[in-house]
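> Below is the structure, and that's it, no one-letter string:
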């Protein structure tokens, strides 16, 4: 799934690098947004599907996300793609060390005060079960640029073209 986004970025002339301190643009998705270093020199930080919805448990959001994914793929008559995506989501779910790092970073709350927020863009998909619908309620000290796009939580992997304008 991520390969389609990487391919779209490379086709648009972007070089993919792993070191966020060397990047001009940093792209983070879901709980990975909380792992973005707070002092990045990047000119832009793009965060998609930020997992923050006060009063809604992550387990409830996860169940809702998978049900929404199933219904969307069934409607597209593409259950094979749903099964592939569900398998990868299961693999990610069981990576507990990574999940604990994300949850601890979220609980510490330093993310909301990070200096990168002054040049950040937070993207919320209209049908995202993890990100609060009112983006203005996100508790950033320095409010980022807010964008709402069509799609669900993992839409950036399925329709990367929608995100190229935000990244560039």
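Received the coordinates, thanks. Note that the coordinates shown come from a computational prediction; the quantities given were computed from them, not determined experimentally.
> So, low pLDDT: which residues of the protein?
1-2, 75-76, 115-117 (pLDDT under 70).
> ok, the residue nearest the centre of it - contacts?
The structure's the chain has its C-alpha centroid closest to residue 29; by C-alpha atoms, centre = their mean the separation is 2.3 Å. Going by C-beta atoms under 8 Å, 6 or more residues apart in numbering, residue 29 touches 47, 48, 49, 156. For glycine as for every other residue, the C-beta is placed from the backbone atoms N, C-alpha and C.
> ranking those by neighbours, who comes first?
Using other C-beta atoms under 10 Å as the neighbour criterion, residue 48 leads the contacts of residue 29 with 30 neighbours.
> quick check: longest helix of this protein.
Counting residues, the longest helix in the chain under DSSP state H turns out to be helix 58-75.
> on that earlier part again, just grab the bridge partners of the residue nearest to the centre of the chain for me.
Note on residue 29: beta-bridge partners by DSSP bridges are residue 48.
> do you know how far it is from residue 46?
Residue 29 sits 9 Å away from residue 46, going by C-beta to C-beta, to the nearest Å.
> Repeat that for residue 137.
With C-beta to C-beta as the criterion, residue 137 and residue 46 are 20 Å apart.
> With residue 139 instead?
According to C-beta to C-beta, residue 139 and residue 46 sit 19 Å apart.
> Among these two, which residue is more densely surrounded?
Using other C-beta under 10 Å as the criterion, residue 139 and residue 46 rank with residue 46 on top: 23 against 11.
> Mind giving me the packing neighbours of the host helix or strand of the more buried one?
Assigned by DSSP states H and E, residue 46 belongs to strand 44-48. In terms of contacts (3 or more C-beta pairs under 8 Å, 6 or more residues apart in numbering; DSSP states H and E), strand 44-48 is packed against strand 25-29, strand 120-125, helix 161-167.
> repeat that for 10 Å
strand 25-29, strand 120-125, strand 145-149, helix 155-158, helix 161-167 (3 or more C-beta pairs under 10 Å, 6 or more residues apart in numbering; DSSP states H and E).
> Quick check: which of these is buried the most?
Among the helices and strands packed on strand 44-48, ranked by average contacts under mean count of other C-beta atoms under 10 Å, first place goes to strand 120-125 (a mean of 23).
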